[in-house]
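*Asks:* this one's sequence-less:
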């Protein structure tokens, strides 16, 4: 692939990493860019997982270093997300995901409506409705399975779980979401890598851009909080829903 095209892919990865660190949905930019560059679909999906994993790892580290990730309380959720993603990655090889693709847009539109209309979503924590183990079983495991099976919008789904059920404020909710996204991304990437679908040259080049964008996005989310996160989550959720409907 020509260096100019790789340079453009890296630039797209920077933008995607910034958005993804705040609201998720970076794949809306990077996956179409990879396909437009001529990467075959399955290889594009696998390579997208590689570069995206570096971005979400960078944003997770930034949130953790700033003290927004309580690792001990999230251990059950991490384990559940990993198991779910593994099962989802295996299931997608045997089951047509088209039916789920038709349901997800409605879920994402409900997520957007929740963040748009709920008047109490601010930078303050709320009451906890699910403890760590219950949250792991009821939220992390099924969303992790969805992330391994299909993927688009998983970050928005994790976030609404953190805010509505785990008692997180928006910044801590985004931080927890990044950690669970990282978990399910690593599992799915391992499945794709074992099958030999990853283009490491393109993926690692884009990973550099992802790291730059993700670190900047995490800093922006930490500094600006709800006024930045809330509208971006709404926009990204609607954009992913529209993308799935147009492709469906």
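*Replies:* That came through fine. None of these values were measured; they are calculated from a predicted model.

*Asks:* count of residues packed around residue 56?
*Replies:* 27 (other CB atoms under 10 Å). Every C-beta, even on glycine, is put in place using the N, C-alpha and C of the backbone.

*Asks:* helices and strands around the helix or strand harbouring it, which ones?
*Replies:* Element membership of residue 56, judged by DSSP states H and E, is helix 41-65. With contacts defined as 3 or more CB pairs under 8 Å, 6 or more residues apart in numbering; DSSP states H and E, the packing partners of helix 41-65 are helix 3-23, helix 27-36, helix 170-194, helix 200-224.

*Asks:* just the ones you listed: most buried one?
*Replies:* Of the helices and strands packed on helix 41-65, the one with the most neighbours on average (mean count of other CB atoms under 10 Å) is helix 170-194, at a mean of 23.

*Asks:* for it, name the packing helices and strands.
*Replies:* By 3+ CB pairs under 8 Å, 6+ apart, helix 170-194 packs against helix 3-23, helix 41-65, helix 71-91, helix 141-149, helix 154-164, helix 200-224, helix 226-247.

*Asks:* how about these in JSON lines, adding distance to residue 187?
*Replies:* Converted to JSON lines, the helices and strands packed on helix 170-194 look like this (distance: least, CB to CB, whole Å):
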{"stretch": "helix 3-23", "distance to residue 187": "18"}
{"stretch": "helix 41-65", "distance to residue 187": "10"}
{"stretch": "helix 71-91", "distance to residue 187": "4"}
{"stretch": "helix 141-149", "distance to residue 187": "6"}
{"stretch": "helix 154-164", "distance to residue 187": "12"}
{"stretch": "helix 200-224", "distance to residue 187": "17"}
{"stretch": "helix 226-247", "distance to residue 187": "21"}
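
*Asks:* in a markdown table: those, plus mean pLDDT.
*Replies:* Compiled in a markdown table, the helices and strands packed on helix 170-194 are given as follows (pLDDT from 0 to 100):
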| stretch | mean pLDDT |
| --- | --- |
| helix 3-23 | 91 |
| helix 41-65 | 91 |
| helix 71-91 | 92 |
| helix 141-149 | 89 |
| helix 154-164 | 88 |
| helix 200-224 | 95 |
| helix 226-247 | 83 |
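
*Asks:* so which of those gets nearest residue 170?
*Replies:* helix 226-247 (4.7 Å; CB to CB).

*Asks:* what does the closest one rub up against?
*Replies:* Helix 226-247 is contacted from outside by 19, 22-25, 28, 101, 104-106, 108-109, 111-112, 115-116, 121-123, 152-153, 156, 159, 169-171, 174, 220-221, using CB atoms under 8 Å, 6 or more residues apart in numbering.
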